[in-house]
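S.K.: For reference, the sequence and a predicted model appear below.
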Amino acid sequence: MELYIFLAIFCLYVIISLLILPFQYRFLIALKEEEKKNKLKGKTQGEMYEAMNAGEQSLHGNMQGNLLFFLANILASILYRIKHPKDSN
């Protein structure tokens, strides 16, 4: 019985991650574009995050650090590296 509950929760987590994946992928693309713009300006990644307002910092922290988004983050990173092999350093 416990195995069925675990499998049901795990399947629900995978489904939620797949539903969140397009949003995570778009967020990752926007973040990479922002990093490119700042690199051209001569800003470091740390300076980019310092220049963000509190709302953007909160959003970024939540999108990257929340355990609910863990699988979606990994899948979005893999998808990005497949679609953009030159950009994924």
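M.R.: Received the coordinates, thanks.
S.K.: Could you list the low-confidence segments of the chain?
M.R.: Applying pLDDT under 70 to the chain flags residues 87-89.
S.K.: Show me which positions of the longest helix along it end up buried.
M.R.: Assignment by DSSP state H gives helix 2-41 as the longest helix of the chain. In terms of neighbour count (16 or more other Cβ atoms under 10 Å), helix 2-41 has its buried residues at Ser17, Ile20, Leu21, Gln24, Tyr25, Phe27, Leu28, Asn38. Where you see a C-beta, it was placed from the backbone N, CA and C, and this is true even at glycine.
S.K.: What is the burial count for the nearest residue to the fourth one once chain neighbours are set aside?
M.R.: Here the nearest residue to Gln24 in space, its sequence neighbours aside, is Ala76; by Cβ to Cβ, 6 or more residues apart in numbering that works out to 3.9 Å. Neighbour count of Ala76, defined by other Cβ atoms under 10 Å: 23.
S.K.: Can you give me the buried ones in the host helix or strand of Ala76?
M.R.: Using DSSP states H and E, Ala76 maps to helix 70-83. For helix 70-83, burial by neighbour count (16+ other Cβ under 10 Å) applies to Leu71, Ala72, Asn73, Leu75, Ala76, Tyr80.
S.K.: and of those residues, the nearest to Met48?
M.R.: Closest to Met48 out of these is Tyr80 (18.0 Å), distances taken as Cβ to Cβ.
S.K.: Which residue comes closest to that closest one once chain neighbours are left out?
M.R.: Closest residue to Tyr80 apart from its sequence neighbours, by Cβ to Cβ, 6+ apart: Leu28 at 5.3 Å.
S.K.: give the contact list for the one you found.
M.R.: Ala76, Ser77, Tyr80 (Cβ atoms under 8 Å, 6 or more residues apart in numbering).
S.K.: can you put the residues you listed in JSON lines and add distance to Met1?
M.R.: Output for those, formatted as JSON lines (distance: Cβ to Cβ, whole Å):
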{"residue": "Ala76", "distance to Met1": "34"}
{"residue": "Ser77", "distance to Met1": "36"}
{"residue": "Tyr80", "distance to Met1": "40"}
